[in-house]
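>>> make a model of this:
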Amino acid sequence: MHRGKVTTSAVHFLFAAALLTASLACSNCNGGGNQGTGGASGTGGATSTGGATSTGGATLSGGTMGSGGSTGGGTMANPAPGSKLFLGVNFWRIDWMGSDQFFKAGVNFATETNPWRDDLIADLAPFHAIRYMDWNLANVSPNPQANWDTRPKKTDNQNKDPIAYEWQIDLCNRAKTDCWFTYPSEANLDTYATNLAQLCYNQLDPSLRVYVEWSNEVWNSGLGPQHNYAAQQAQSLGLPGSNAWAAYQAYASVRVFEKFEAAFGKGNPRLVKVISGQQAWEGPCVDIMAAVHNAKVNPNGTMPDVIAVAPYFSGNSISAAQAAISGLTVGIQANITKCANADHLPVIGYEGGADLYGSANCGALSISAPMHDAYTSFLDMLNTSGMTGPFMHYTLNGNCWGLKQNTGDTLDKAPKYKGVTDWLAAHP
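Residues are numbered from 1 along each chain as shown. This next block holds a predicted model:
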């Protein structure tokens with residue numbers, strides 16, 4: 001989901017699911033430091049520690065030597081997707097937050113080797129993954145990130161979106177978080193995918209995973225251009241099925257997955273292939289996976305590793321938001337039992353958390369003391385509903401959405417962040 005600037009008044013909703021199938025081995029991941037902390041309720045699969053065993057799906061484990069050269073048996077820095085409920089975060093757009101929330105003052109990107117604020121790295125310590133949907137302008141057309149030759153370079157000034165992929169990878173390496181990329185819908189499915197996959201393989205720390213997801217919330221016709229683009233592409237290609245956008249989401253996803261498999265090696269546990277659906281109901285997931293199983297759409301039978309959705313609890317007051325939490329269980333479990341289980345895939349969360357944007361005082365509500373308990377209740381619900389990690393909270397920082405309003409805020413100013421870290425401490 002792409003959220004508007006908090007200074008504008010807009011009401012939105014989105015829930016999405018991304019599909020993560022195989023489980024990547026994590027030989028010493030125990031929920032400790034640099035774990036992803038997150039919010040959205042994901043539906044599905046594997047057994048989650050500290051909570052109920054999910055109704056389907058297997059914990060991803062194992063791994064083979066990738067043809068790209070990386071082995072699948074090494075020690076991973078973060079838990080395997082589907083292994084338990086753990087958290088990650090989305091970032092808000094630089095354009096809205098300001099680059100000074102992320103980068104040190106006065107950085108010369110042509111010469112700087114570490115531009116990041118130290119307190120940003122510290123804020124990321126509880127989390128296991130970063131999803132760069134907004135930094136890659138997934139909901140924007142035309143998207144300057146979609147052309148490999150003219151995309152922002154590492155030496156360019158990074159004071160507006162999109163941000164150079166090289167710096168996104170660099171931050172993951174420094175924070176020891178896995179990297180989650182939303183592939184630009186307007187980018188070609190051949191050379192661009194090859195180049196991005198090779199860049200990730202070459203520059204991402206070998207102990208870290210890359211999550212790859214074609215576009216963002218393609219099901220959401222009211223969000224961005226990707227829904228209509230996918231439907232038009234499906235019609236041009238003559239793809240089968242009654243749901244055109246879902247057919248093309250599957251078509252594009254598996255082709256991007258295959259380029260990443262060529263770089264990392266098929267079956268490499270460092271690669272997590274994500275299909276996203278909708279939190280509120282399982283229909284999008286069912287349609288996308290039907291297309292994935294269609295030989296014309298997916299002639300090589302390439303499968304995702306996970307299904308992802310976005311559980312948000314919303315309201316114009318704290319009490320209304322808290323009351324909405326329990327209702328998310330139905331959508332999560334429907335995505336698990338009616339979609340993900342058929343292919344033994346865990347359900348994770350690509351986004352989620354408190355959606356207070358419809359309230360005129362969402363910023364004040366976001367930092368009110370009761371949000372602490374709202375977040376511990378929310379994570380309890382995700383855990384017992386069968387969602388597994390990573391759950392990628394939207395967002396790390398930001399006025400209405402962030403776990404903190406500003407980078408480096410102390411815990412007394414960040415009840416959502418403290419609720420998350422207290423819950424994680426109680427569920428190692």
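
>>> can you show me the strands along the stretch 101-250 of the chain?
With DSSP state E, counting those that start in this stretch as the criterion, the stretch 101-250 of the chain has strands at 129-131, 178-183, 210-214.

>>> next, the buried residues of the last one.
Residues Val210, Tyr211, Val212, Glu213, Trp214 are the ones in strand 210-214 that count as buried (16 or more other Cβ atoms under 10 Å). Any C-beta I mention is one placed from the backbone N, CA and C, and that applies to glycine too.

>>> likewise for stretch 401-414?
Buried-residue list, stretch 401-414, by 16+ other Cβ under 10 Å: Trp401, Gly402, Leu403, Lys404, Gln405, Asn406, Thr407, Asp409, Ala414.

>>> ok, now stretch 199-210?
Cys200, Tyr201, Leu204, Asp205, Leu208, Arg209, Val210.

>>> out of those residues, who's nearest Leu382?
Distances from Leu382 to the buried residues of stretch 199-210, taken as Cβ to Cβ, are shortest for Arg209 (20.5 Å).

>>> and the spatially closest residue to that closest one that is not a sequence neighbour, what is it in contact with?
Computed as Cβ to Cβ, 6 or more residues apart in numbering, the closest residue to Arg209 that is not its neighbour in sequence is Asp178, at 4.2 Å. Asp178 is in contact with 36, 77-78, 88, 128-130, 172, 208-211, 272, 390, counting by Cβ atoms under 8 Å, 6 or more residues apart in numbering.

>>> which of these ranks first by neighbour count?
Compared across the contacts of Asp178, Pro390 has the highest neighbour count, 39 neighbours, by other Cβ atoms under 10 Å.

>>> wait, doesn't it sit right on Lys84?
No. Shown here, Pro390 and Lys84 do not form a contact pair, counting by Cβ atoms under 8 Å, at 10.1 Å.

>>> let's see the pLDDT reported for Phe260.
pLDDT, Phe260: 98.

>>> my hunch is that it is in a helix, does that hold up?
Yes. Remark: Phe260 belongs to a helix, assigned using DSSP: H, G, I helix; E, B strand; the rest coil.

>>> just the helices from this protein, written as ranges.
Shown for the chain, the helices assigned by DSSP state H span residues 94-97, 118-123, 165-175, 191-203, 226-237, 244-264, 283-292, 318-324, 328-338, 362-366, 371-385, 415-426.

>>> and Pro142, which of those helices is closest to it?
Nearest of the helices of the chain (Cβ to Cβ): helix 226-237, 11.2 Å.

>>> what mean pLDDT does that closest one get?
Taken as a whole, helix 226-237 has an average pLDDT of 98.

>>> output the contacting helices and strands for that helix.
Packed against helix 226-237 by the contact rule (3 or more Cβ pairs under 8 Å, 6 or more residues apart in numbering; DSSP states H and E) you find helix 244-264.

>>> which other helices and strands does the helix it packs on contact?
In this structure, helix 244-264 packs against helix 191-203, strand 210-214, helix 226-237, strand 271-277, helix 283-292, with contacts taken as 3+ Cβ pairs under 8 Å, 6+ apart.

>>> Ala187 contacts Trp148, doesn't it?
Yes. Between Ala187 and Trp148 there is a contact under Cβ under 8 Å: 7.4 Å.
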